[in-house]
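>>> let me see the structure of the following:
(chains A and B)
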Amino acid sequence: MEALRFNGTGSEYFKIWIVNILLTIITLGIYYPWAKVRNRRYFYANSSLGGRAFEYHATGKQLFVGFLIGILFFALYTLLGQVNPRIAGVVLIIFMLALPWLIWRSLMFNMRVTSFSNVHFSFKGKLGKVYIIFLLYPLLFITIIALFGVIASIVIPIIKDINPAILAMVGSIVGFSGIFVYLFFFAFIKKSSTEYVINNSYYGQGTFQSELESKRFFIIFLKTIGISFIPMILLVMSANFFTKMNPEILSYTGGTNGFVGGAELFFIVAYFVLLFVVMLIMSYMITRERSYIYDNIVLDDTITFESTLRARDLAWVMASNIFLIFLTLGLAFPWAKVRVTRLMLENTLVDTEFGFDNYITQQERAVSALGDQIGDAFDVDVGVAF
Amino acid sequence: MIEGKWHPKGSASQSDAELSVNDLGRYVIKVENGTFYRGDFSKVQISERLGNVKRKITLDDGSVFVTENNNAIDEISKEYQKASGFIHYLETHLGWIAVALIITIITAFSFFKWGVPWTSEKIAHALPSETNRVISSGTMRFLDDYILEESNLTKEIQDKISKHFYEKIAPLSVADEKQIVYTLHFRSWSMNNIQIPNALALPSGDIIVTDKFIELSKNQEEIDSVLLHEMGHVVHRHGLEMMIEGTFITVAVMMISGDGSGIGDMGMGLGSALVSSSYSRGHESEADLYAFKKMLLAHINPKSFSTIMNRITAYISTEENRTDIKSDNSTLLDYFSSHPTTQKRVELANHYSECFKEGLTVCK
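Modelled structure (predicted):
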């Protein structure tokens, strides 16, 4: 097992980042796709395994058209959202319908333009399957929940006259099982989507394989929720928290008086404390999922993977990054990104015993970057594990 | 002699290799396995320099030579390749980095300080006034369901205040915007068992006054001054502006943080909250100014506004002390406050009050 390495530095990336921003400003945003390519190239090319590096091959020109469409779509959505929420809702539904397609395109494109040691990755998943995972399953789930609601609204009036104690008991049983069903659904989606991505990915002629169980994700989710109860209880116990909170944070209504003082300071301190706690809980879930997934990926039945990422390390890096970014008004972003990338890569192990010498890039048709960029403008996570 | 690795076309296998270029611009790549590649160095395709990332030279047959020796490649390229690497030049020259940094900071600052509020104001006023009703349609219900309670004021008092408002105060705004229909609502609002004296305006023209506020005000003019302030928020479309400003900030943050790793966004969350609160301070001043101007026209002493504001502030601090909630009004926190310091507001009120005493209806 050998760990991936990251050879970039914060100061070097800072220069690239700041020039990117400068050019993006000067060109009124048009440079953005080229800036993105430069960012990606820097991070991919500095990631290496046993002296072999990754490479990002997309060009600014490839990303530009998709970028334009993405921006136009976003502007349309935002503007319509302000004028008429109903039309915006329609736009959003159209977007939801297009989302699986975007994910699919974006997967194909991103794999295609990524190489490791001169050999390209590729993705050959079926479009139908994306629609099943990201549209059909969620719709089915919503329908089931809605059905439960309908049944409840019929049953509750009937049984409420019988005995309030029974009603309360039935209610809590249904409520709890509802939460479990909900979590299990997410575990199932997580399993299906991860398997879909991995099992349809190729490294040259090499095939990735993974067999995952919903049950394992479900347990991770349950544990995560269990852990988040501790800070939640602490929060509730510090009774001042919500009662002292500035009501204008809840809703901007243009009040007249300035009666808050300590509340703001409290809000800021609470923000950071809460942030760290949230980071810890998130890190717990991310690292556990990552370990489970990596343990179960095999390339060509021979090359195995492992994640040694620890929750506390990830939480520390993420929380301190946020603090740094906040203190420097964003200027520390390049260092933050380098730090988190290094942590992730150095905790990703690959079995290199069999070597990669016999892998060869497979030819396939070029894919447009449309999906990638539209997905990006809406910040849809279509990132691929590595 | 430049050392590196050679890959056959599309293959992961690699061999050690050496590149050399002679005076005539002819290159030779000697691969470990005994193969040689020769040709014009001006014809090969070299990847653009990026930091110290390995350089890739693609040869005619699609095989590639990769090397870490960026400087040597740059040296040869200077002579035999087309000029390139303009961006790398910027990235490696301290002067340009400094320029980029300064321009970025100035642009970001101006963008947030003037660009966003200015554009938002333009957009907010360009949108049909129907928009204002749409965005606040759910707000009144939300407030009634979760925050406010029914008023305990008697019907007579409510009617008296309403009548005065609809007949004398609301018509003052007609010149500014004809389509606004003001509606006055009486509610009670308490937090921590403290009755909150406040007045709120929704973009739709719904104005809410709390019982405690009515109770604290000593005369009709004080109530009028606060109601005019709230009307100022409505006329200037501050609610809509806040929404547009929020959208701007979100998009800007997304652009800056690039790949959307989420880290940038989270750090910026608090940043945008601060920026927003600074915008809303601008809004308060604007609403104050609106109120003062109208008060001069309606022959109401602008002093009333600072009088009622002071009384409200005093009430809040005694209530907070009484209930043992620390109130900290240090100057640092003023920055985070969504309201201008009372001091400044009082000064402006006094200034307008001078004009009022001189019998002016316009004040500079």
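
>>> pLDDT below threshold where in the chain?
By default, I'm working from chain A. Applying pLDDT under 70 to chain A flags residues A:81-85, A:159-161, A:234-271, A:364-386.

>>> that was the other one, I meant chain B.
Applying pLDDT under 70 to chain B picks out residues B:82-84, B:135, B:175-178, B:250-278, B:320, B:323-342.

>>> outline the domain layout of it.
For chain B, automatic domain parsing gives the domain ranges B:2-82, B:114-357.

>>> distance from the shortest one to the middle of the chain?
Read that as domain B:2-82. Its chain's C-alpha centre and that of domain B:2-82 lie 49 Å apart, by C-alpha atoms, centre = their mean, to the nearest Å.

>>> just the last one next, same as before
Once both centres are worked out by C-alpha atoms, centre = their mean, domain B:114-357 turns out to sit 18 Å from its chain's centre.

>>> picking up where we left off before, most packed of the domains of chain B?
Comparing these by mean neighbour count (mean count of other C-beta atoms under 10 Å in any protein chain shown), domain B:114-357 ranks first with a mean of 18. From N, CA and C alone the C-beta is placed, and that goes for glycine too.

>>> quick check: residue A:54 is in a strand.
Yes: under DSSP: H, G, I helix; E, B strand; the rest coil, residue A:54 falls within a strand.

>>> pull the number of nearby residues for it.
21 (other C-beta atoms under 10 Å in any protein chain shown).

>>> make sure it is actually in contact with residue A:47.
Yes: using C-beta atoms under 8 Å, residue A:54 is in contact with residue A:47, at 4.7 Å.

>>> rewinding a little: out of the domains of chain B, nearest to residue B:95?
domain B:2-82 (18.2 Å; C-beta to C-beta).

>>> and that closest one with chain A, contact?
Yes: interface with chain A: domain B:2-82 contributes B:7, B:10-14, B:50-54, B:56, B:64, B:66 (C-beta under 8 Å from any C-beta of the partner chain).

>>> okay, strands next: where are they in the stretch 51-200 of chain A?
A:52-56, A:114-116, A:119-123 (DSSP state E, counting those that start in this stretch).

>>> those strands: which one's closest to chain B?
Nearest to chain B among the strands of the stretch 51-200 of chain A is strand A:119-123 (4.3 Å), distances taken as C-beta to the nearest C-beta.

>>> and that closest one with strand A:52-56, angle?
50 degrees (axes from the mean of the first three to the mean of the last three C-alpha atoms, to 10 degrees).

>>> how about the CA coordinates for strand A:119-123, as CSV?
Provided in CSV are the C-alpha atoms of strand A:119-123 (Å, rounded to 0.1, in the frame of the first residue of the first chain):
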residue,chain,number,x,y,z
VAL,A,119,-3.7,6.8,-19.2
HIS,A,120,-7.2,8.3,-19.3
PHE,A,121,-10.1,7.3,-17.2
SER,A,122,-13.5,6.8,-18.8
PHE,A,123,-17.1,6.4,-17.7
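
>>> residues in contact with it?
The contact list for strand A:119-123, computed with C-beta atoms under 8 Å, 6 or more residues apart in numbering or on different chains, reads A:57, A:107-108, A:110-115, A:197, A:200-204, A:356, A:359-362, A:364, B:10-12.

>>> same deal with stretch B:53-73?
Contact with stretch B:53-73 is made by A:41-42, A:45-46, A:53, A:55, A:118, B:2-10, B:14, B:17, B:19, B:29, B:37, B:39, B:43-47, B:49, B:52, as judged by C-beta under 8 Å, 6+ apart.

>>> let's go with 7 Å and repeat that
Contact partners of stretch B:53-73, identified using C-beta atoms under 7 Å, 6 or more residues apart in numbering or on different chains, comprise A:41-42, A:45-46, A:53, A:118, B:2-10, B:17, B:19, B:29, B:37, B:39, B:44-47, B:49, B:52.
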